[in-house]
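Asker: give me coordinates for this.
(one chain, ligands or ions: 1)
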Amino acid sequence: MRTEAGRPRRALLAAALLAAAGAAPHGAWAAEEASGGAQATAGFGADWQSWHAANDVADMASVQRGARNFVSYCLGCHSLKYERWSRLAQDLGVPPRLLEQDLLPPGDKPAQYILTSMPAADSQAWFGKTPPDLSLMARARGQDYLYQFLRTFYVDPASQTGANNLRLPATAMPHVLSELEGLKRAVYRQAAGTAQGQGTQQVFDHFEQIAPGRLSAAEYAGFVRDTVNFLDYVSEPTQTARRALGVWVVLFLLAFTWLAWLVKREYWKDVH
Ligand code: HEC
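Answerer: Down below sits the predicted model:
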């Protein structure tokens, strides 16, 4: 279970109520999604640091959507060099025909690792940085980080890519999902002096949507959540099986303890 620390109480309560009412299968994030709907009109994002991915790797449909998102929007630059296409298809229950048709880049074989076709030298020249391999990124940075990273791109004319990011300021990654999310700008406010007490400084206050995308704010949040869910799965493909097995291991230990206790009672019966 992911930690919910830091999430505002109000949202937690609303999520719990929604979940209790059976209105949302994923109560933990329902509240945020609901408030996401209101984002289009008012400013939003003041609380971005407490946004949670709240993804669930056992939700196979979400992992599958995430895989599709990754292939469509990330594979052009990022690889998953520790995962093979065949393993992905097997874990996600993708039939070979669909794998070939929807996911596998032309010319790649199922037994190959998931590699980007972008040569490292080119990306180095274009972005000043080679896009990192994302196989272990969810474990290195955490799901919430990835979720916040993909949701806090904003327009910044001063940047080379035209975009900047709150989670990773001055990032070399362009806002590749702007077609879906639309464009937003960061609104700053003056804050009281720095530690040295000199003047004022600009701090981020909220986002303002300046152009719509193909998805609503709530749909975009869902898109990002699925993508993070997929990266979470890739970072440890066996985690669902591991957790399921854990239950049986604990049950076995309990049963074994009981047996051991019976044996002990039998042995000591005549002593007392
Ligand atoms: C046009 C190329 C390009 C595409 C497409 C792209 N990225 Fe990136 N990405 C980059 C570059 C370049 C960096 C290095 C950024 C840096 O270190 O400033 C990066 C860095 C990252 C990082 C690491 C951030 C960190 O903290 O170091 C993550 C996570 C990431 N990308 C996720 C994604 C996801 C998910 C997608 C698909 C939705 C995606 N990227 C699509 C170019 C791309």
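
Asker: whichever helix or strand residue 97 is part of: what's the following helix or strand?
Answerer: If you go by DSSP states H and E, residue 97 is part of helix 96-98. Once helix 96-98 ends, the next helix or strand along the chain (criterion: DSSP H and E) is strand 113-114.

Asker: is any residue of that following strand near the ligand?
Answerer: No: Strand 113-114 lies out of reach of the ligand by CB under 6 Å from any ligand atom, never closer than 13.1 Å. Bear in mind the C-beta positions are built from the backbone N, C-alpha and C, glycine included.

Asker: do the same with stretch 118-130
Answerer: Yes: on the criterion CB under 6 Å from any ligand atom, stretch 118-130 is in touch with the ligand at 127, 129.

Asker: can you tell me which residues in the protein are near the ligand?
Answerer: 73-74, 76-78, 127, 129, 131-132, 134, 137, 141, 146, 149-150, 168, 171-174, 176-177, 227.

Asker: try 5 Å this time
Answerer: 73-74, 76-77, 127, 129, 131, 137, 168, 171-173, 176 (CB under 5 Å from any ligand atom).

Asker: what's the domain layout of this structure?
Answerer: Domain assignment of the chain by automatic domain parsing yields the ranges 40-237, 239-272.

Asker: which residues of the protein fall in helices?
Answerer: 9-20, 27-37, 60-73, 85-92, 96-98, 120-127, 137-141, 143-151, 178-181, 217-235, 239-268 (DSSP state H).

Asker: how far away from the center of its chain is the fifth one?
Answerer: Translated: helix 96-98. 26 Å (CA atoms, centre = their mean, to the nearest Å).

Asker: residues making contact with it?
Answerer: 89, 110 (CB atoms under 8 Å, 6 or more residues apart in numbering).

Asker: and the average pLDDT for it is what?
Answerer: For helix 96-98, mean pLDDT rounds to 94.

Asker: pull out the buried positions in that helix.
Answerer: Across helix 96-98, burial judged by 16 or more other CB atoms under 10 Å covers no residue at all.

Asker: pull the CA atoms of stretch 96-111 into PDB?
Answerer: Taking only C-alpha atoms (Å, rounded to 0.1, in the frame of the first residue of the first chain), the coordinates of stretch 96-111 have been written out as PDB:
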ATOM      1  CA  PRO A  96       1.100 -12.100 -29.800                       C
ATOM      2  CA  ARG A  97      -1.000 -10.700 -32.600                       C
ATOM      3  CA  LEU A  98      -1.800  -7.500 -30.600                       C
ATOM      4  CA  LEU A  99       1.800  -7.200 -29.500                       C
ATOM      5  CA  GLU A 100       2.900  -7.100 -33.100                       C
ATOM      6  CA  GLN A 101       0.100  -4.900 -34.200                       C
ATOM      7  CA  ASP A 102      -0.100  -2.300 -31.400                       C
ATOM      8  CA  LEU A 103       3.200  -2.200 -29.500                       C
ATOM      9  CA  LEU A 104       6.200  -3.700 -31.200                       C
ATOM     10  CA  PRO A 105       8.100  -1.200 -33.400                       C
ATOM     11  CA  PRO A 106       8.300  -2.400 -37.000                       C
ATOM     12  CA  GLY A 107      11.300  -4.700 -37.400                       C
ATOM     13  CA  ASP A 108      11.700  -5.500 -33.700                       C
ATOM     14  CA  LYS A 109      11.400  -9.100 -32.500                       C
ATOM     15  CA  PRO A 110       9.400 -10.000 -29.300                       C
ATOM     16  CA  ALA A 111      12.600 -11.400 -27.700                       C
END
